[in-house]
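Asks: structure here, sequence nowhere to be found:
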């Protein structure tokens, strides 16, 4: 199943690039006002302009780093040429982990900043 294996690698690399692009976009969103359309939007991040800016800059940087790591992992998976089912599962786990890492770490940082402000 080389075709399925190769397609998985391509998807992971493309998604890694999308993560990097979105990270850059989030950093640019930090300079804009809080809005309904784009940016890192959670209850904590939209409290005020300062938290909005911090959340978008922080999550953007983290998303870029995670995108780079996931691209490297895609290359590792390509080199080891594992069973395509195992590769697909690993790729899905990597993609889901990136989203979870960005949300968990950004919210943790926002919560810490919230406690410091009290």
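Replies: Noted; the coordinates are in hand. Source: prediction; values computed, not measured. Residues are numbered from 1 along each chain as shown.
Asks: SS state for residue 43?
Replies: coil (DSSP: H, G, I helix; E, B strand; the rest coil).
Asks: pull the number of nearby residues for it.
Replies: Using other C-beta atoms under 10 Å, residue 43 has 8 neighbouring residues. C-beta here means a position set from N, CA and C on the backbone, and glycine is covered the same way.
Asks: how much space separates residue 65 from residue 74?
Replies: 15 Å (C-beta to C-beta, to the nearest Å).
Asks: how far does stretch 96-115 sit from the chain's center?
Replies: 11 Å (C-alpha atoms, centre = their mean, to the nearest Å).
Asks: buried stuff in that stretch?
Replies: 98, 102, 106-107, 109-110 (16 or more other C-beta atoms under 10 Å).
Asks: let me know the closest of these to residue 13.
Replies: Residue 13 has its nearest neighbour among the buried residues of stretch 96-115 in residue 98, at 13.3 Å by C-beta to C-beta.
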